[in-house]
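Trainee: requesting a structural model of the entry that follows:
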Amino acid sequence: VAVDMIVTASSPYFPNSALKNGIHGGLFGIINVAVNSAVDLTFRFVDRQGAPITVNPFFFTLYDIDQGMDHASRESVTARGFSEYRVAEETELRIEVLGDDSATFTSSLRGGKVDNPTHPFALTNAEKERTVVLKFPATSEFSLSFSESAYADEDQGRNLLFSGPSSMVCGREHMCTDYICPDGYHIRTMAEFLVCSGRRCTESDRDTCCYEIPDVEEDDA
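Mentor: Here you go, the predicted model:
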């Protein structure tokens, strides 16, 4: 079944450039807001006729949570209704847990266009440190609040950048280091650079990931 996502502002909304809203590069969703403003957003899943659809549990990733040059500047996202969240081990985000299913994620460092992610499954360590991934239970809608405060240049806008799964929870490729060689075979030396043919390593990847251990012949007595 084809599923559409509709994002609605449930509070006053002040964009800097609403033309930026939508899908960026076929990879990320974008909601643009004017600096020094906040908006409450409702994300709904619907069919092509607009009727609600409950989707199975899913991942939702928020990227590039950073701030402007002013020391007082902050960007924050408050999420509600999730079952769990994940951030990088060395995350830059300040996290305020509001309840079992809600939390606020706030920036702590400056950022710019040069550190924006280019692909959900190719995040650098620096990009991961400004990213949070949420896992939602089966639902037809959820809500977020997005705000940007104390930004020095009042003529600018900021973007809420999001996607579904990302390399924070899912790898695009499985490496041979995930493969367990069968008896009589040994993992190849460069296994960390060798890629299995599918989303997961299987028996068909044996010769890619492993080499056969030669039999050692005993000397004649």
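
Trainee: OK, contacts around residue 212?
Mentor: Shown in contact with residue 212 (CB atoms under 8 Å, 6 or more residues apart in numbering): 184-185. (Glycine included, C-beta is placed from N, CA and C.)

Trainee: okay, and the beta partners of it?
Mentor: residue 185 (DSSP bridges).

Trainee: ok, now how distant is it from residue 176?
Mentor: 15 Å (CB to CB, to the nearest Å).

Trainee: could you do residue 185 as well?
Mentor: 12 Å.

Trainee: what is in contact with those two at once?
Mentor: residue 210.

Trainee: residue 128 is in contact with residue 121, isn't it?
Mentor: No. Between residue 128 and residue 121 there is no contact under CB atoms under 8 Å: 11.7 Å.

Trainee: neighbour count for the two, which is higher?
Mentor: Just comparing residue 128 and residue 121: by other CB atoms under 10 Å the higher neighbour count belongs to residue 128, 22 against 15.

Trainee: which residue packs closest to that one, ignoring adjacent ones?
Mentor: residue 88 (4.2 Å; CB to CB, 6 or more residues apart in numbering).

Trainee: same check on residue 96?
Mentor: residue 104 (4.4 Å).

Trainee: and the spatially most central residue of the chain, what does it touch?
Mentor: For the chain, the residue nearest the mean C-alpha position is residue 61 (3.3 Å; CA atoms, centre = their mean). When contacts are counted by CB under 8 Å, 6+ apart, residue 61 touches 120, 131-134, 162-166, 168-169.

Trainee: closest one of those residues to residue 82?
Mentor: Residue 82 has its nearest neighbour among the contacts of residue 61 in residue 134, at 4.2 Å by CB to CB.

Trainee: looking at this, the closest one is in a helix?
Mentor: No. Using DSSP: H, G, I helix; E, B strand; the rest coil, the assignment for residue 134 is strand, not a helix.

Trainee: could you measure from it over to residue 170?
Mentor: Separation of residue 134 from residue 170 (CB to CB): 14 Å.

Trainee: ok, residue 208 next?
Mentor: Counting by CB to CB - residue 208 and residue 170 are separated by 21 Å.

Trainee: what residues are shared contacts of residue 128 and residue 121?
Mentor: Contacts common to residue 128 and residue 121, judged by CB under 8 Å, 6+ apart, are residue 167.

Trainee: packing partners of the helix or strand hosting residue 142?
Mentor: Assigned by DSSP states H and E, residue 142 falls within strand 141-149. Applying 3 or more CB pairs under 8 Å, 6 or more residues apart in numbering; DSSP states H and E, we find strand 141-149 packed against strand 28-34, strand 37-46, strand 74-80, strand 157-163.

Trainee: among those, which is nearest residue 18?
Mentor: strand 28-34 (6.4 Å).

Trainee: all helices of this structure, in order?
Mentor: 125-128, 206-209 (DSSP state H).

Trainee: may I have the last one exported as CSV, CA atoms only?
Mentor: What follows is the C-alpha trace of helix 206-209 in CSV, where atoms were taken according to Å, rounded to 0.1, in the frame of the first residue of the first chain:
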residue,chain,number,x,y,z
ARG,A,206,32.0,-17.9,1.9
ASP,A,207,34.6,-17.5,-0.8
THR,A,208,34.5,-13.7,-0.7
CYS,A,209,35.1,-13.6,3.1
